[in-house]
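Q: Pasting the sequence and the predicted model now:
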Amino acid sequence: MITATVISTAMALTMPATQISAIPTFPSVDIEVQTKDTSTSFKPIYSISKSKDLIFSDAYINAINILHSYLSLQYDWDGYGGKAPTFDIISACEKLLLQCKNYVFKAPKLMLSGSGEIGFYWENGNEYAEITCDNSEAYTFVYMKDKVPFIEEDKAINGAFSSDLTTRISHINRNA
């Protein structure tokens, strides 16, 4: 009869080093299992492969870091029952942020709602523009000048920005 001690993979990975004894009918050989540091948090997919090769201003680096910090939020993060944004929404917003950078917009300010919605905004005097995302498929663009709103809803995240969006955000950036 052959006997062996089996240690689950999860248990072995949580220990700094685990000794697993070989089967007793064979010559005594010990195998030491070393673990890797698995404490690294996952980053949205776009930051891993694409953004590392791009040149960012400090403002865009800060915006991406703020966006990634949302990964650590939990339910009631705001003390009022706030829902944390999902990984998919954070990834979608990162894609939108990279698209903003590609249009050479100044880095937006970020905002987070208690419903888990993430937004970016730009403002200058009587002009205000925001892009908000509450799901991983679409965003809403709102522009306001002299309290007159312009709204584009359910715009595909994978699509190009509309000429209205790019013109209006560029105008705010130009006058800032």
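A: Looks like it arrived, so ask away.
Q: make it CA atoms for all contacts and neighbour counts henceforth
A: Noted.
Q: can you point me to the longest helix in this protein?
A: helix 87-102 (DSSP state H).
Q: which one is Tyr121 nearest to, not counting chain neighbours?
A: Nearest residue to Tyr121, sequence neighbours excluded (Cα to Cα, 6 or more residues apart in numbering): Glu130, at 4.1 Å.
Q: isn't that neighbour right up against Ile118?
A: No - using Cα atoms under 8 Å, Glu130 is not in contact with Ile118; the gap is 10.3 Å.
Q: Compare those two and say which one has the larger neighbour count.
A: The neighbour count for Glu130 versus Ile118, taken as other Cα atoms under 10 Å, is higher for Ile118 (25 against 22).
Q: excluding its backbone neighbours, what's nearest the more buried one?
A: With Cα to Cα, 6+ apart as the criterion, Ile118 has its nearest non-adjacent residue at 4.7 Å, and that residue is Leu112.
Q: where are the low-confidence patches of the chain?
A: Within the chain, the ranges that satisfy pLDDT under 70 run 1-56, 175-176.
Q: Apply 90 and report the result again.
A: Using pLDDT under 90 as the threshold, the predicted model of the chain has low-confidence ranges 1-58, 104, 159, 174-176.
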